[in-house]
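Student: with the input below, show me the fold.
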Amino acid sequence: MDIISERAIAISGVLQACKEVQSLARTGKVEQSAYESSLKSILVLDAVSTPAIFGGIEGVNKGLSLLADGVLSSTSSSDIELLRYLMSLLQLQSQLYNDANKFSQFASEIERLSSRSFEELPEACSDIYQKYVSGMQPQVIVQGEEEHLQKSDIPPQIRSLLLAGLRSAVLWQQKGGGRFRLIWERTRMQNAAKAFLNNQR
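Tutor: Numbering: from 1, shown residues only. Here you go, the predicted structure:
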């Protein structure tokens, strides 16, 4: 697999997590398969391939669809909100990664998540996000409907998805991604996403 395709998968992972955050905040619902793939990706620390992080390329289809549809150059208000979440997570991941001591502690807690059941993951991931990321700048300010955001189970799910987005942001950095590559390579990554989706038909 070429590096552009790997970067396309990585940034699609961030996009997918951000889209589920947006969906939860706006509608109180998620697409279950995308939600589960994103959360489970947090637990995969030593994958045999980039798609394997998401349980196979199908696990990141929602993010690939966003990328294939041109979300990185979209001017719709919904997509601009989505890209704001994405850029914030990329910045937060970079800051966290550059603080060696904090990142080491963060990684150790991520490793311990493997002992949790899937049902326990949202709360456990939420706790890690609050402990290591919530106090950092820029804060991810999630916009949505108060009726959903005030439900007790929604905020932990949102924070767990933000943690999943950070996991994909780590992958993006490991594959040589950076802020400017989102601009320089967006068309090539869009084409790679289209190819991945077409190959599944």
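Student: what ranges do the helices span in the protein?
Tutor: 3-27, 32-41, 61-68, 77-98, 100-112, 121-132, 146-149, 154-174, 179-184, 186-199 (DSSP state H).
Student: ranking those helices by mean pLDDT, which is last?
Tutor: In terms of average pLDDT, helix 179-184 trails the rest of the helices of the chain, at a mean of 89.
Student: and the spatially most central residue of the chain, how close does it get to residue 63?
Tutor: Nearest to the geometric centre of the chain sits residue 165, at 2.1 Å (CA atoms, centre = their mean). The gap separating residue 165 from residue 63 is 10 Å, by CB to CB, to the nearest Å. Glycine gets a C-beta too; all of them are placed from N, C-alpha and C.
Student: okay, and the common contacts of the two?
Tutor: 13-14, 17 (CB atoms under 8 Å, 6 or more residues apart in numbering).
Student: among those residues, who's most crowded?
Tutor: residue 17 (33 neighbours; other CB atoms under 10 Å).
Student: spit out the contact partners of the residue nearest to the centre of the chain.
Tutor: 13-14, 17-18, 21, 38, 85-86, 89 are the contacts of residue 165 under CB under 8 Å, 6+ apart.
Student: dump the shared contacts of residue 165 and residue 63 to CSV, plus distance to residue 77.
Tutor: Formatted as CSV, the shared contacts of residue 165 and residue 63 follow (distance: CB to CB, whole Å):
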residue, distance to residue 77
13, 23
14, 20
17, 20
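Student: run a quick neighbour tally on residue 88.
Tutor: 20.
Student: spit out the contact partners of residue 144.
Tutor: Contacts of residue 144 (CB under 8 Å, 6+ apart): 22, 24-26.
Student: of those, closest to residue 198?
Tutor: Taking CB to CB as the measure, residue 198 lies nearest residue 22 of the contacts of residue 144, at 25.8 Å.
Student: give me the nearest residue to that closest one, chain neighbours excluded.
Tutor: residue 82 (5.8 Å; CB to CB, 6 or more residues apart in numbering).
Student: neighbours of that neighbour, how many?
Tutor: 19.
Student: how much space separates it from residue 88?
Tutor: On the measure of CB to CB, residue 82 and residue 88 end up 11 Å apart.
Student: can you give me the neighbour number for the nearest residue to residue 85 once chain neighbours are set aside?
Tutor: Spatial nearest neighbour of residue 85, chain neighbours left out: residue 18 (4.1 Å); criterion: CB to CB, 6+ apart. Residues lying near residue 18 (other CB under 10 Å) number 30.
Student: much appreciated, bye for now.
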